[in-house]
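**Student:** structure, please.
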Amino acid sequence: MSAAPPDRYRFLPTLTEVLQPAPEGVGEAPSLDHADLERRLREAVAAEVAQQCDAMAGRWRAELEAMVRALVDERLAAEVAARSDPNGGTAR
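**Tutor:** Predicted structure coming up:
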């Protein structure tokens with residue numbers, strides 16, 4: 001495999017190099033109409049929003065689970081304490 005010439009990978013001009021404008025039609029971006037740009041933008045935004053919602057849903061699910069567990073533990077402890085307390089508990 002032969003080594004590539006050094007100019008092959010140079011992307012920026014040096015400070016002493018004079019640049020000439022590109023010939024007509026070279027390096028121009030393809031023209032896109034407004035509707036196509038808007039469609040692409042909506043698709044990109046929708047994909048990003050969906051990804052962020054998925055990430056948030058996972059965090060919210062974990063937080064909700066922790067809150068429910070804490071509440072159930074608290075209520076069970078209160079119920080056990082009420083049943084074992086001879087003055088305030090109800091006997092069954």
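
**Student:** the most centrally placed residue in the chain: helix or strand, and which one exactly?
**Tutor:** Central residue of the chain (C-alpha atoms, centre = their mean): Gln52, 4.3 Å from the mean position. Following DSSP states H and E, one finds Gln52 within helix 34-84.

**Student:** packing partners of that helix?
**Tutor:** If you count contacts as 3 or more C-beta pairs under 8 Å, 6 or more residues apart in numbering; DSSP states H and E, helix 34-84 packs onto no helix or strand. For every residue, glycine as well, the C-beta is placed using N, CA and C.

**Student:** just how off-centre is it within its chain?
**Tutor:** 14 Å (C-alpha atoms, centre = their mean, to the nearest Å).

**Student:** about what we covered before: how close does the residue nearest to the centre of the chain sit to Val45?
**Tutor:** 11 Å (C-beta to C-beta, to the nearest Å).

**Student:** please apply the same query to Cys53.
**Tutor:** For Cys53, the distance to Val45 - C-beta to C-beta - is 12 Å.

**Student:** again with Glu79
**Tutor:** Noted for Glu79: a distance of 49 Å to Val45, by C-beta to C-beta.

**Student:** next one: Ala22
**Tutor:** Counting by C-beta to C-beta, the separation of Ala22 from Val45 is 33 Å.
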